[in-house]
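Undergrad: need coordinates for the below:
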Amino acid sequence: MLIVLVGVLALAPTFALPSAAPMKANVVSAAHAVTAPSTEKKAEFRLEVDPYRNRMTVYRCGKVFRIYPIAAGKPDTPSPVGDWVVVHKAKDWGGGFGTRWLGLNVPWGVYGIHGTNRPASIGRDASAGCIRMFNRHVEELYEWIPVGTAVTIVGHPLGEPYRDPRDLARGDSGADVYLIQSRLRSAGYFYGNPNGKFGPATEEALRHFERTHGLPVDGVMNRHDYTAMGLLE
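TA: Presented below is the predicted three-dimensional model:
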């Protein structure tokens with residue numbers, strides 16, 4: 001299966017095929033090591049999440065500061081690809097959210113970076129879309145990262161290149177839904193504003209597209225729909 005990139009989704013960074021190099025958790029070279037910031041001086045941080053390698057890189061002033069292992073979203077509940085901002089911080093939510101929470105401004109749902117009570121899930125695609133960390137790591141991160149910090153989750157809205165994109169239907173949400181809404185809107189089938197939520201208006205727009213293109217009219221986005229939109233070959 002080949003994902004064809006035919007235009008750029010505004011919220012998503014450029015897709016790049018990840019290498020097969022293994023990651024080393026929480027290790028940086030001496031050349032990249034940076035002293036932890038004091039509370040008296042704010043440093044500029046940026047987070048980059050790589051769901052394919054299940055790791056997060058923390059940059060300080062443009063240099064690698066830390067690398068952490070994470071658990072990203074499962075194929076049917078992917079992490080939200082795109083450029084986001086930390087908009088909320090909280091302590092001790094407990095349970096599946098662990099000891100710390102950093103919420104992101106994703107428009108189609110509640111997503112964040114948080115701890116976990118399932119440490120064995122770290123390093124795998126295991127979450128409902130959030131970014132899980134070991135509690136000791138997210139507690140460390142929490143102290144450095146202020147509200148307003150930029151967070152990039154890299155990837156393509158349709159998922160990993162060796163997998164077919166997931167089927168989409170009413171009730172689904174995600175960067176892939178946003179992409180489909182944008183494509184339907186540019187073709188004159190969808191008249192709302194793309195928001196990443198597959199609701200009745202998106203379903204009706206997809207049914208209109210399917211009728212026009214001689215496809216099975218079921219309002220469910222699947223392989224023949226992706227192909228007709230030029231997103232698969």
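
Undergrad: going forward, measure contacts between C-alpha atoms and count neighbours the same way
TA: Will do.

Undergrad: identify the residues contacting the nearest residue to Gly174 once chain neighbours are set aside.
TA: Ranked by CA to CA, 6 or more residues apart in numbering and with sequence neighbours excluded, the top spatial neighbour of Gly174 is Gly196, at 5.1 Å. Contacts for Gly196 (CA atoms under 8 Å, 6 or more residues apart in numbering) come out as 107-108, 173-179, 181.

Undergrad: any chance of these in CSV, plus pLDDT, distance to Glu139 and neighbour count?
TA: Output for those, formatted as CSV (pLDDT from 0 to 100; distance: CA to CA, whole Å; neighbours: other CA atoms under 10 Å):
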residue, pLDDT, distance to Glu139, neighbour count
Pro107, 95, 26, 15
Trp108, 96, 26, 17
Ser173, 96, 29, 21
Gly174, 96, 28, 24
Ala175, 96, 28, 26
Asp176, 97, 31, 25
Val177, 97, 33, 24
Tyr178, 97, 32, 22
Leu179, 97, 34, 21
Gln181, 98, 37, 27
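
Undergrad: what's the closest of those to Leu231?
TA: Relative to Leu231, the closest of the contacts of Gly196 is Leu179; by CA to CA it sits at 10.1 Å.

Undergrad: for the closest one, give its distance to Asn222.
TA: 14 Å (CA to CA, to the nearest Å).

Undergrad: what does Arg53 give?
TA: 27 Å.

Undergrad: quick one, which of those two is more surrounded?
TA: Arg53 (20 against 15; other CA atoms under 10 Å).

Undergrad: low pLDDT regions in this structure?
TA: 1-43 (pLDDT under 70).

Undergrad: what about the helices in it?
TA: Ranges of helices in the chain, per DSSP state H, are 135-144, 175-186, 200-212, 223-228.

Undergrad: closest one to Ile67 among those?
TA: helix 135-144 (10.0 Å).

Undergrad: break the chain down into its structural domains.
TA: 45-153, 175-228 (automatic domain parsing).

Undergrad: find the residue at the geometric middle of the protein.
TA: Pro80 (2.4 Å; CA atoms, centre = their mean).

Undergrad: gap between that one and Arg207?
TA: Counting by CA to CA, the gap from Pro80 to Arg207 is 25 Å.

Undergrad: can you check Phe134 too?
TA: Distance from Phe134 to Arg207, by CA to CA: 44 Å.
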